[in-house]
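Asks: Starting from these lines, generate the structure:
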Amino acid sequence: MTRLRYISKNYKHLNNAGNKAKTDIEIILSEDGALNAGLERTVGLGAVRGYARTLGSVIASCFRLKKGDVLLLQYPFKKYYDFVCRIARAKGLKTVTLIHDLGSFRRKKLTVEQEIKRLNRNDAIIVHTPNMEKWLVENGVRVPIVILEIFDYLSEGVNTAPQSCAGDVPRVLFAGNLTFENNKFLYDLSEMSGNFKMVLYGNGLDKSRIGQHAVWKGFCPSDRLICEAEGDYGLVWYGVSIVSGEGPLGEYVRYIAPHKLSLYIRCGMPVIVWKESGMAPFVAENNIGLVVGSLEELDSAISEVTDNQYCEMKQNVEKVSAKLASGYYTRKAVAEALKLI
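Replies: Down below sits the predicted model:
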């Protein structure tokens, strides 16, 4: 009988999107009977102890993995990925890699050729969006590919923040890094006059530069934000420009399923995404928000939404949110990948 395995590790903390997504996937796999081939997951052991713990987990997996197992790897797995793939192949395992981030694309930690060579060691890979699949195939990936669609988001929280009433000014929420250097568009958007106001959650805000149309709520952990977020729409936008997704991170949005989008949906909010983003088709097909070509269109796009249309989007958000809370998309993608190998 085929056993599905994964390798857990030490996580510095669970306050960022990457670690939250990875630990949620471990939980979903475990609930479905997958076994951790490494050591038990730990959080926050510090640099030296954390390194030793993760290394110990990888070494333990070398003894626990058996011929015929299927190993699901979450990518990137830093310096251990190539080693684990070679061990798995030598022991007669099949491997499926679920991609979180591409090192060659945004961080430039690898060349494209190096990354494609790594990924081709698998029997199947799970990617965010059709755009990511297309980019990988065009650059040489030859193994079967499954599309995740969106990252699940486990939390028992339910938004209990006061809802807007008819006639209230719509609130557009943005949660994340608020520094001018990383998200200059926020500062430009907060200066724009329009029939909406910005609600900001996060660290790094330059109060001397932020405009009068923004309200800062400080930093709020994601599980608490799901319960307390004040907003009518969640904005998924990156980069320096309000016109388009400019800069390395803005360009990367063409291919990825941002974890931030899942968070907003779990907050119960329709989302706003760039029309060129990898998630624009998902948002449009599920009718869970607005797709805009530029933030200059934001005021008119929001103003054109009728009360009935907004209620319909909210209802659709609730349906998708329930799927995210149950691990639906991870389970579906993993099941499809297993059929392909």
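Asks: Assign a three-state SS to Phe174, would you?
Replies: Following DSSP: H, G, I helix; E, B strand; the rest coil, we place Phe174 in the strand state.
Asks: Report the contact partners of it.
Replies: Going by CB atoms under 8 Å, 6 or more residues apart in numbering, Phe174 touches 183, 186, 198-202, 234-235, 237. Glycine gets a C-beta too; all of them are placed from N, C-alpha and C.
Asks: Out of these, the closest to Leu338 would be?
Replies: Of all those, Leu338 sits closest to Gly234, with 32.8 Å by CB to CB.
Asks: Does that closest one fall in a helix, a strand, or a coil region?
Replies: What three-state DSSP gives for Gly234 is strand.
Asks: burial of the closest residue to it other than its chain neighbours, as a residue count?
Replies: Spatially, and ignoring its direct neighbours in sequence, Gly234 is nearest to Tyr264 (2.7 Å; CB to CB, 6 or more residues apart in numbering). Counted with other CB atoms under 10 Å, the neighbours of Tyr264 add up to 31.
Asks: Val240 now?
Replies: Neighbours of Val240 (other CB under 10 Å): 19.
Asks: what's near enough to touch the residue lying closest to it once chain neighbours are set aside?
Replies: Excluding the flanking residues, the one nearest Val240 by CB to CB, 6+ apart is Lys184, at 4.4 Å. If a contact means CB under 8 Å, 6+ apart, then Lys184 has 239-241 as its contacts.
Asks: what's the spacing between Lys184 and Ala214?
Replies: Remark: distance between Lys184 and Ala214 (CB to CB, to the nearest Å) = 13 Å.
Asks: need the contact list for the closest residue to Leu173 other than its chain neighbours.
Replies: What sits nearest to Leu173 in space, not counting adjacent residues and going by CB to CB, 6+ apart, is Gly231, at 3.0 Å. By CB under 8 Å, 6+ apart, Gly231 lies in contact with 171-173, 199, 267, 269.
Asks: and what of Tyr201?
Replies: By CB under 8 Å, 6+ apart, the contact set of Tyr201 is 173-176, 217-220, 225, 229.
Asks: Tell me both backbone torsions, phi and psi, for Val146.
Replies: Taking degrees, to the nearest 10, you get phi -120, psi 140 for the backbone angles of Val146.
Asks: brain fart, Lys22
Replies: Reported as degrees, to the nearest 10, the phi and psi values for Lys22 are phi -70, psi -40.
Asks: residues near it, how many?
Replies: Neighbour count for Lys22, taken as other CB under 10 Å: 22.
Asks: Check Val158 too.
Replies: Other residues near Val158 number 12, with proximity taken as other CB under 10 Å.
Asks: and it, that's in a helix?
Replies: No: membership of Val158 in a helix is not supported by three-state DSSP, which gives coil.
Asks: still on that earlier bit, show residues contacting the host helix or strand of the residue nearest to Gly234.
Replies: Secondary structure from DSSP states H and E places Tyr264 in helix 259-266. For helix 259-266, contacts defined as CB under 8 Å, 6+ apart pick out 17-18, 20-21, 150-153, 155, 157, 173, 175-176, 222, 225-226, 234, 236, 271, 273, 279, 288, 317, 320-321, 324-325.
Asks: Can you turn the buried part of those residues into a ChimeraX selection?
Replies: Buried residues among those (16 or more other CB atoms under 10 Å), as a ChimeraX selection:
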select :17,20,21,150,151,152,153,155,157,173,175,176,222,225,226,234,236,271,273,279,288,317,320,321,324,325
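Asks: So which of the contacts of helix 259-266 are in helices?
Replies: Judged by DSSP state H, the subset of the contacts of helix 259-266 located in helices is 17-18, 20-21, 222, 225-226, 317, 320-321, 324-325.
Asks: how about the contacts of Phe174 in a markdown table, adding distance to Ala335 and pLDDT?
Replies: Below are the contacts of Phe174 laid out as a markdown table (distance: CB to CB, whole Å; pLDDT from 0 to 100):
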| residue | distance to Ala335 | pLDDT |
| --- | --- | --- |
| Asn183 | 37 | 87 |
| Leu186 | 39 | 91 |
| Met198 | 40 | 93 |
| Val199 | 38 | 95 |
| Leu200 | 39 | 96 |
| Tyr201 | 35 | 96 |
| Gly202 | 35 | 94 |
| Gly234 | 29 | 97 |
| Leu235 | 33 | 96 |
| Trp237 | 33 | 92 |
